[in-house]
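Peer 1: got a sequence here, can you model it:
(2 chains)
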Amino acid sequence: MKKQQTGQPMNRVDGRLKVTGGAKYFADHQPADMQYAALVCSTISCGAIASINTTKALRAPGVADIVSHLNAPPVPGYKKTNPGDKNGLQIFRDNRIYSNGQPVAIVVANTMERAVYAASLVEVQYNQETHYTNMEASMDKAFQNNRMKDYSRGEINAWQKAPVTHSAQYTIPLEVHNPMELAGIIAHWTSPDTLTLYAKTQGVKSVQETIQELFEIPEQNITVHSRFVGGAFGMALRVWPLEIATILAAKKIRKPVKLVITREQMFTLVGYRPNSSQTISMGATADGKLTGITHEAVAITSPYEDFTEGIVAMTKFMYDCPNVNTRYQLVPLNMSTPIWMRGPGEATGSFALESAIDELSYKLKIDPLQLRILNHADTDPERNLPFSSKYLKEAYQIGAEKIGWSSRNPAPRSMQENGMLAGYGMSSGTFGAYRGKATVSAILKADGTLTLQSAAADIGPGTATAMVQIAADVTGISPDKITFMLGESSFPYAPEQGGSATVSTVGSAVSDVCHTLLKELANLAISQVPAFKQTTPEQIIYEDGQLITADRQTKITHEALLQQQKLPEVKVTATSQGGEERKKYSMYSFSVHFAKVHVHPTTGVVRIQHIVSVADAGAIVNTKTARSQMIGGVVGGIGMALTEEAILDHRFGRFVNNNYADYHVPVNADTPPTDVYFVNKKDPYINPMGSKGLGEIALIGFAAAVSNAVFHATGIRVRDLPITPDKLLHITSTENTNT
Amino acid sequence: MPQENKPSSVPPKKDKQEARRDFLKQSSAVMALALAPPLVLKAAQHDEAIAAVFEKMPVNLEINGKKMQLSVEPRVTLLDLLREQLALTGTKKGCDHGQCGACTVHVNGQRINSCLTLAVMQEGKKITTIEGLSSGDQLHPVQEAFIRHDGFQCGYCTPGQIMSAVACLHEGHAGSPEQIREFMSGNICRCGAYDNIVNAIMDVKNGGQIA
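Peer 2: Numbering: from 1, shown residues only, chains lettered A, B, ... in the order given. So this is what the prediction gives:
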């Protein structure tokens, strides 16, 4: 019998390459005669470049060229917009400086050391203007982008009339994706209109598209390689100015140029999660039924782009509440543009919403889990549609049971263990379950191997592994004979890896192309193999790389079928996308996080003791890699909750902790054992696999679970992330003030 | 193709000669004067060929069992030598400041951050990188355990994690999950595979594959 491959904990298909150093990331490629680049970046935060003196730098050993706005080759695409339009930073277009760290020149030399040294010799003079980097001090600049209009249903600010109310402000600092791999690119113009790139990207096709728009060369002349990506978490969802700078330098010197930026530059050149301030106000009846929620958010953006994300999205549909209104505003500052960071806006919004629900529960004297269940939205109150699938209540139940929720003393600051204050907290998260459009080609060779190709990406979740499992289930071909190839712009179209949609989008196309392939093989057998003459494609059984008649009397292997017909291969292509189901159902993944913390009563140090995370993400394709994604999201959440904060010195508009030693991402010793559970029930509508997304919900809501646990442990509510010990220092003198 | 790693035998172009002399004069003004033997310095100002030699230094390293006579600029880190000149790109650069562990290699069996040491400081040492950890098709037990336990996601920190894990086991610092967490905390994994990394190391330890 056929063994089901999806749902199994299959090892990664590229695991061997990753453990042997054989996996080649963009910077590991070394085209012949490659040159090295280093950036010269602005030391002011607003103003204009007055002069650039490159005399000394050009005389340094090995320097090939220095490119800036003074001598950069033209970018034809820039002409489509005017300077000052909100179209992103158009690198080297003019002398304007919008933020500290903005690249002002790129130095190219024949070794990395020489490029770095020469960059230090470039002398730049500026005409400095007043800069603004402090959101709180710049609230008068707040405006609303027309992508994010005010939302309301029912009565505006209805919470004010409720018998029990809660209203508070929650703030989240600027956080930086900081994947382990440094950003950069290798650019090589092999002819004046032919460009090869080795890139760090979440989507080779979108890189190709951006380059085509900017340089106006034919799409087929742009080759983008990006097979392995060393993490991204959203920062590689677009082409950054540093990449255009490298492409321009390569155009000028007509040799391959490699740029790898520094860890410090990762804070200013490749986006971040914007710092934000949110006010949540909610009201409920005395027995805990929500009557109104008002959610107002402000977050920062750059002077040259309006960055928006789903900060207030979750509030609109998470709870069954008749009156909800939201507002979302942006404050433009002298900063580079933010970019979606794992769980994007929902991770930010969920901290406020799920903290507020917890606070309200104490006022109501209702268990926070119970309050959530009491206000569970059985249908989507925002769109008035049924959910395609929602097993949130089951997820609550699993999580509560595994963490031992019922055995806690519900009163804040009531539990102690080994001299530590102990506390339990929980929260929920949600993110849209998407399905886009993708094309996959399938090549079955006469040796029985199947190769699938699509321009998808893998920034870590294990794309190829999941695709092989899906293909194995449809075709009945053993996984070890299936290869899924990705990360090449020459492959058929796939969207960027983002928004937790790769399995849904590309997996559906894999499923479709495999069905197309089987039909092709069936037709071949029916027309050419006598024993199959009387059968139809639907009647044939596909197992172990064979076609089997319904009566199981006749079998033919794929190899034999192709060899008999003297066919070296059979190739088919299929494009796949969702249909009308999106209009009929609301599609979301859900997560539930439970955390148990210890807080040191004197120092305020928080140690997470145990985590239970549960996901309702539809059918799980690979239980091993899915679990890894969940624990990864949790680790990211620990950083968000306890340690991560990029600090600006507003006098200069510069970061003061722009490195791994001072910007604290969680290390191994910061992470407790994490138990992950999946509801693992198929969504009947979203796609052939029944899989919803996982990457975002792994993190969304997590920070609130920790904050809620810290409150339970200490009686102190921290509404300003991260929860560092200084915010709990008054711990010894504080009694249970909030109950 | 790896960067050329031999003293240049072709005389550089004239403008480059000037540049090099300029560079040497600058260097001598700040530090070389105090450090370089006067004779060499004097010669360098007149002879471009010597200048090229002056910039590079010979260093003998045994890398993954192979003895190598190399010539490198003194400012080249071991990490950049491995990656850019010897095409051993399994060792990764994550921060260049010894803060992340992605560049971990073994020097005479001890784990170090290869970004924090200059190549010329390792004269005569035995360097092992991820490429030299196993021989042939047979993977090292730690490599196998990382695959089995999914001790990675993107894989970028993985070579450093594995080199560190092997050393952690040899050091006797893999006695418990808690001890492993402490002694593996020099290797950041932003994807957050820590739980799986600990399980992989415990598995090797319990399997007795490494004493």
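
Peer 1: can you report phi and psi for the nearest residue to residue A:221 once chain neighbours are set aside?
Peer 2: Closest residue to residue A:221 apart from its sequence neighbours, by Cβ to Cβ, 6 or more residues apart in numbering or on different chains: residue A:194 at 4.5 Å. The C-beta positions use only the backbone N, C-alpha and C, and glycine is treated the same way. Here is the backbone geometry of residue A:194 (degrees, to the nearest 10): phi -130, psi 120.

Peer 1: show me the contacts for residue A:194.
Peer 2: Contacts of residue A:194 were listed using Cβ atoms under 8 Å, 6 or more residues apart in numbering or on different chains, and they are A:217, A:221-222.

Peer 1: cool, residue A:167 as well?
Peer 2: Counting by Cβ under 8 Å, 6+ apart, residue A:167 makes contact with A:159, A:279-282.

Peer 1: right, and out of these, which lies closest to residue A:676?
Peer 2: Using Cβ to Cβ, residue A:280 comes nearest to residue A:676 of the contacts of residue A:167, at 28.5 Å.

Peer 1: quick check, the closest one in contact with residue A:168.
Peer 2: Yes: with contacts counted by Cβ atoms under 8 Å, residue A:280 reaches residue A:168, the gap being 6.5 Å.

Peer 1: distance of residue A:454 from residue A:212?
Peer 2: 20 Å (Cβ to Cβ, to the nearest Å).

Peer 1: comparing those two, which residue is more hemmed in?
Peer 2: Taking residue A:454 and residue A:212 together and counting by other Cβ atoms under 10 Å in any protein chain shown, residue A:454 has the greater number of neighbours (29 against 17).

Peer 1: I'd say the more buried one and residue A:440 touch.
Peer 2: Yes: with contact defined as Cβ under 8 Å, residue A:454 counts as touching residue A:440 (4.4 Å).

Peer 1: joint contacts of the two?
Peer 2: A:492, A:494, A:506, A:509-510.

Peer 1: can you give me the strands in the stretch 501-650 of chain A?
Peer 2: For the stretch 501-650 of chain A, the strands defined by DSSP state E, counting those that start in this stretch occupy A:541-543, A:546-548, A:555-557, A:569-576, A:588-599, A:606-616, A:648-649.

Peer 1: of the ones you listed, flag the one that's most buried.
Peer 2: strand A:588-599 (a mean of 28; mean count of other Cβ atoms under 10 Å in any protein chain shown).

Peer 1: give me the sheet partners of that strand and which way each runs.
Peer 2: Sheet pairing of strand A:588-599 (DSSP bridges) gives strand A:420-432 (antiparallel), strand A:606-616 (antiparallel).

Peer 1: in JSON lines: those strands, plus mean pLDDT and distance to residue A:46.
Peer 2: Shown next, in JSON lines, are these (pLDDT from 0 to 100; distance: least, Cβ to Cβ, whole Å):
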{"stretch": "strand A:420-432", "mean pLDDT": "98", "distance to residue A:46": "36"}
{"stretch": "strand A:606-616", "mean pLDDT": "98", "distance to residue A:46": "38"}
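
Peer 1: JSON lines for the ones you listed, including distance to residue A:502?
Peer 2: Formatted as JSON lines, the strands paired with strand A:588-599 follow (distance: least, Cβ to Cβ, whole Å):
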{"stretch": "strand A:420-432", "distance to residue A:502": "14"}
{"stretch": "strand A:606-616", "distance to residue A:502": "16"}
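
Peer 1: would you confirm that residue A:4 contacts residue A:470?
Peer 2: No: if you go by Cβ under 8 Å, residue A:4 and residue A:470 don't touch, sitting 11.1 Å apart.

Peer 1: quick one, which of the two is more surrounded?
Peer 2: Applying other Cβ under 10 Å to residue A:4 and residue A:470 shows that residue A:470 carries more neighbours, namely 28 against 10.

Peer 1: what about the residue of chain A found nearest chain B, how many residues nearby?
Peer 2: Nearest residue of chain A to chain B (Cβ to the nearest Cβ) works out as residue A:21 at 1.9 Å. Burial of residue A:21 is recorded as 24 neighbouring residues (other Cβ under 10 Å).

Peer 1: just checking, it touches residue B:134?
Peer 2: No: applying Cβ under 8 Å as the test, residue A:21 and residue B:134 come out as separate, 10.3 Å apart.
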